[in-house]
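**Student:** okay, structure incoming, though there's no sequence with it:
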Ligand SMILES: *Cc1c(COP(=O)(O)O)cnc(C)c1O
């Protein structure tokens, strides 16, 4: 029996028309419609204002958003750009990282984190993760440092901050840059500071499913270093300083005025939405604790997660491999109308594009293990307690 999922918004009938009735009977991993229902009027007004202004690139909405976002994160500078991927790419370019350089990062992340290292001509050096947090194992980061290491990219995965106190101490000792990949962690804190304000550069994505999402692509870079900020502003705009004077090769990576005006509105709601996500995580934790074959996500002491994902780990019975058990649970959940996700089924060091780096099977065992046993449950600020309880109820069924 599919689970009844009552959206209860005025968009119900539209959604039924668009997707057919079956869609409203499933619990999606993520749903933006209620958020739009709540702030749609505000967004419509802001969008119409930008449209009427006739100024679509740059201008007051972008400058306003940059100031507000810097203030929110707690840095002196914010440079908006076209995506989280571009934010990371531009950060490495601004630090002059290129051929011959090594950048240490995690293999258990979205491809963009490593892709940009390769894109600037440097070499990604993957180190294993910590089994409890899914984040970089900092002891292994230290062990991987060579004469060629120039930077570390920690990823605050699923919204959970890396231990930045320890990472910054390691980086300082070895003279490394720290570029934080904050794509999944807008608003998360480590030791009372927001991520993106602790490393030398913070990179954010406003892809719609991130904690602060635009209605399209968008990204931002934060830093307290005015020289880096100045280089970033030039790089994102074709390397231009002045009107038609190019002092370095750049790219076109601007945030447009429409997205900036939408993001200004959404930023005002971010703390509320993150608090709602925390409540959702707490409810999952309470309800799932008694169930067998599960390991639940835990927050590190000192960190405040913003729960971009609620990711559990499944322990297979002895007769079955972890991956096949996980996939089977996922399929059974889907048959009951609960859609879950696997972030990430194959770690980056085992991907075809990185085969040439020579990381064999078993070389980074904890990342490989996580890829086999993780499952992310439906998580968004507006998910109702009774819907969450349905998820738990169905999961319990699948584990028996
Ligand atoms: C989403 C994401 C990115 C890339 O952001 P885009 O805006 O999609 O380019 C980078 N790193 C991580 C960890 C992400 O989750």
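**Tutor:** Arrived safely, thanks for sending. Small disclaimer: the values here were computed from a predicted structure and weren't measured.
**Student:** got the contact list for stretch 313-325?
**Tutor:** The set of residues external to stretch 313-325 that reach it, using CB atoms under 8 Å, 6 or more residues apart in numbering, is 293-295, 326, 328-329, 369-375. C-beta coordinates here come from the backbone N, C-alpha and C atoms, glycine included.
**Student:** same check on stretch 60-69?
**Tutor:** Outside stretch 60-69, the residues touching it (CB under 8 Å, 6+ apart) are 50, 78-80, 204, 220, 222, 254-258, 260-261, 263-264, 267.
**Student:** also stretch 286-298?
**Tutor:** 132-133, 158, 160, 281, 284-285, 305, 310-317, 388-389, 392, 395-396, 399.
**Student:** which of the residues you listed fall in strands?
**Tutor:** With DSSP state E as the criterion, strands contain 310-314 from among the contacts of stretch 286-298.
**Student:** could you identify the most distant pair in the residues you listed?
**Tutor:** Among the ones in strands among the contacts of stretch 286-298, the pair separated by the greatest distance (CB to CB) is 310 and 314, at 13.7 Å.
**Student:** who has more neighbours, the two?
**Tutor:** Set side by side, residue 310 and residue 314 show more neighbours around residue 310, with 26 against 22, by other CB atoms under 10 Å.
**Student:** residues in contact with the closest residue to the ligand within the chain?
**Tutor:** Minimum separation of the chain from the ligand (CB to the nearest ligand atom) falls at residue 84, amounting to 2.5 Å. By CB under 8 Å, 6+ apart, residue 84 lies in contact with 112, 181, 183, 203-207, 210, 219.
**Student:** now do residue 388
**Tutor:** For residue 388, the contact set (CB under 8 Å, 6+ apart) comprises 280, 283-284, 287, 378.
**Student:** likewise residue 113?
**Tutor:** With contact taken as CB under 8 Å, 6+ apart, residue 113 is in contact with 88, 105-106, 153, 155, 181, 348.
**Student:** which of the residues you listed are close to the ligand?
**Tutor:** Taking CB under 6 Å from any ligand atom as the test, the ligand is in contact with 155, 181 out of those.
**Student:** for the nearest residue to residue 396 once chain neighbours are set aside, grab the count of nearby residues.
**Tutor:** Excluding its sequence neighbours, the residue lying closest to residue 396 (CB to CB, 6 or more residues apart in numbering) is residue 291, at 5.7 Å. Applying other CB under 10 Å, we find 14 residues neighbouring residue 291.
**Student:** next one: residue 183
**Tutor:** For residue 183, the tally of surrounding residues (other CB under 10 Å) stands at 27.
**Student:** wait, doesn't it sit right on residue 86?
**Tutor:** No. With contact defined as CB atoms under 8 Å, residue 183 does not reach residue 86; the gap is 11.4 Å.
**Student:** can you list the domains in this protein?
**Tutor:** For the chain, the structural domains run 8-31+270-399, 37-265, going by automatic domain parsing.
**Student:** looking at those, which is buried most?
**Tutor:** Burial among those, expressed as mean neighbours by mean count of other CB atoms under 10 Å, is greatest for domain 37-265, which shows a mean of 20.
**Student:** okay, how far is it across that domain, tip to tip?
**Tutor:** The stretch domain 37-265 measures 14 Å between its terminal residues, going by CA to CA, to the nearest Å.
**Student:** and the longest helix seen in the chain, what does it pack against?
**Tutor:** Taking residue count as the measure and DSSP state H as the definition, the longest helix of the chain comes out as helix 33-53. Using 3 or more CB pairs under 8 Å, 6 or more residues apart in numbering; DSSP states H and E as the contact criterion, the neighbours of helix 33-53 among helices and strands are helix 257-267.
**Student:** residue 258 and residue 372: what is the separation?
**Tutor:** Computed as CB to CB, to the nearest Å, the residue 258 to residue 372 distance reads 41 Å.
**Student:** element containing the residue nearest to residue 396?
**Tutor:** According to DSSP states H and E, residue 291 maps onto no helix or strand at all.
**Student:** i'd like the first residue to be 410 from this point on
**Tutor:** Okay, using 410 as the starting number, the last item reads as residue 700.
**Student:** next up, phi/psi of it, please.
**Tutor:** Recorded main-chain torsions at residue 700 are phi -80, psi 150, according to degrees, to the nearest 10.
**Student:** quickly note the distance from it to residue 569.
**Tutor:** Computed as CB to CB, the residue 700 to residue 569 distance reads 21 Å.
**Student:** with pLDDT and distance to the ligand added, can I get the ones in strands among the contacts of stretch 695-707 in JSON lines?
**Tutor:** Written out in JSON lines, the entries for the ones in strands among the contacts of stretch 695-707 read as follows (pLDDT from 0 to 100; distance: CB to the nearest ligand atom, whole Å):
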{"residue": "719", "pLDDT": "98", "distance to the ligand": "15"}
{"residue": "720", "pLDDT": "98", "distance to the ligand": "13"}
{"residue": "721", "pLDDT": "98", "distance to the ligand": "19"}
{"residue": "722", "pLDDT": "98", "distance to the ligand": "19"}
{"residue": "723", "pLDDT": "97", "distance to the ligand": "22"}
